[in-house]
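everything below, folded, please.
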Amino acid sequence: MKKTALTILLAIFAITAMAQPQPGTMSPAEQERQNRYEQIQSAKIAFFTTELELTPKEAEEFWPVYNNFWKERERSYRRIQGNLKNIEKAVSGEEKINESEIRSLMDKYVAEFATEGDIYKNYYSLFSKILPPSKVAKIYVAEERFRVKMIHQLRRGPGGPGAGQNLR
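Numbering: from 1, shown residues only. Have a look, this model is predicted:
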């Protein structure tokens, strides 16, 4: 148990240290957003470690790979959203472009979903080298459960009814 707690703390410190911007370079709103992001990441680490029942050795190997997986997915998601924003401008008439340019925008949009699928395939393979199949499956279940948990917490608001409850 001590090793698991130590692993969780080390992972939290590593992620927090990597995410720290230079002092004095952020506005108060940006600082608040950064603090909230770090809180969510810490909660996610604790949630995943519990859900996946990672041993200290597994956690040591898993977290760097998972963090890269998350970053790649986030980049892909941002590209998808950027492409969608461009499509929205085109179809709303905000930007005047012809049908072939709209087709090109749509091709980029759809292609990025394929890229996202490739990310999942690649990391499924990497996760399978670190964890047994049952724990790999738990990654995807834990992600969805954590996402739902965060949505419920957002709906309740800070300090609202049921705030802080575990949704297991």
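
of all the residues in the longest helix along the chain, which ones are buried?
Secondary structure of the chain per DSSP state H: the longest helix is helix 56-92. By 16 or more other Cβ atoms under 10 Å, the buried positions in helix 56-92 come out as 58-59, 61-63, 66-67, 69, 72, 76, 79-80, 83, 86, 90. Every residue, glycine included, has its C-beta placed from N, CA and C.

next, give phi and psi for the residue lying farthest from the centre of the chain.
The centre of the chain is farthest from one residue, Asn98, which by Cα atoms, centre = their mean lies 35.6 Å away. Phi and psi for Asn98, reported as degrees, to the nearest 10, are phi -90, psi 180.

what's the pLDDT at it?
Here, the pLDDT recorded for Asn98 equals 90.

quick one: the residue most central in space within the chain from Ser76, how far?
The residue lying closest to the centre of the chain (Cα atoms, centre = their mean) is Trp70, at 4.8 Å. Remark: distance between Trp70 and Ser76 (Cβ to Cβ, to the nearest Å) = 11 Å.

OK, contacts around Leu105?
Asn83, Asn86, Ile87, Ala90, Ile97 (Cβ atoms under 8 Å, 6 or more residues apart in numbering).

same check on Lys44?
Applying Cβ under 8 Å, 6+ apart, the residues contacting Lys44 are Phe146.

re the thing from before, out of the contacts of Leu105, which comes closest to Lys135?
The shortest approach to Lys135 among the contacts of Leu105 belongs to Asn83, at 33.9 Å (Cβ to Cβ).

what residues are up against the closest one?
By Cβ under 8 Å, 6+ apart, the contact set of Asn83 is Leu105, Lys108, Tyr109, Glu112.

could you identify the helix or strand that succeeds the longest helix of the chain?
Later in the chain than helix 56-92, the nearest helix or strand by DSSP states H and E is helix 99-130.

how many degrees apart are that following helix and helix 56-92 in direction?
Between the axes of helix 99-130 and helix 56-92, defined by axes from the mean of the first three to the mean of the last three Cα atoms, to 10 degrees, the angle is 170 degrees.

hmm, back to that, would you quantify the distance from the residue farthest from the centre of the chain to Ser104?
Distance from Asn98 to Ser104, by Cβ to Cβ: 10 Å.

alright, I will stop here.
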